[in-house]
Each structure stands twice: as C-alpha cells, then as structure tokens.
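J.: Need the 3D shape of this:
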Amino acid sequence: MKVNYDARTDTLTVIFRDVPVAESDEEKPGVILDYDTAGNIVSIEVLDASQRVEEPGSVTMHTER
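T.: Predicted coordinates for the structure are as follows:
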C-alpha cells in the first residue's frame, strides 16, 4: 500500500494495489474510487485534500496482529 500527497495539486491518493485502473467513479464530490477490471478498489483519490484531511502530508500507520 502507498500513500501519496501532491501539494501542487492538493491531492491525496491511497494506492491499495499497483495494477492498471479500468474505471473511476466519483462516489462523493471530491472523492474518487479507482477500480481494476474485476471491480476491485485499486485506489482512493481525495481532491482538495488540505480542506478535507487533517495534515494531508503526514501519515501515521497502525497495524494490529
């Protein structure tokens, strides 16, 4: 999984799988879900991220086992 924040475009992208995107759908204004050919979510894009996400350039990851 990768998390990218592009300050120039103010876009936050969470990439779950590094495969080609077959289809994109703006589920809610400013939130785009990208799907592969099988309909699985590949990534989530958040537009105007600095207005929607607290500290979009900083990521804290927690894992539980």
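J.: Show me the helices in the protein, by range?
T.: Assignment of helices within the chain using DSSP state H yields the ranges 49-52.
J.: Would you check that residue 2 makes contact with residue 15?
T.: Yes - Residue 2 sits in contact with residue 15 when judged by CB atoms under 8 Å, with a separation of 4.4 Å. C-betas here are computed from N, CA, C, even on glycine.
J.: Show me the strands in this protein, by range?
T.: Under the criterion DSSP state E, the chain carries strands at the ranges 2-6, 11-15, 23-28, 31-35, 41-46.
J.: Tell me which of those approaches residue 59 most closely.
T.: Relative to residue 59, the nearest member of those by CB to CB is strand 2-6, separated by 5.0 Å.
J.: That closest one vs strand 41-46, what angle?
T.: Using axes from the mean of the first three to the mean of the last three CA atoms, to 10 degrees, the direction of strand 2-6 lies 30 degrees away from that of strand 41-46.
J.: Average pLDDT for strand 2-6, rounded please.
T.: Throughout strand 2-6, pLDDT has a mean value of 92.
J.: State the pLDDT value of the nearest residue to residue 52 once chain neighbours are set aside.
T.: Nearest residue to residue 52 in three dimensions, chain neighbours excluded: residue 46, at 5.7 Å (CB to CB, 6 or more residues apart in numbering). In this model, residue 46 is scored at 95, pLDDT.
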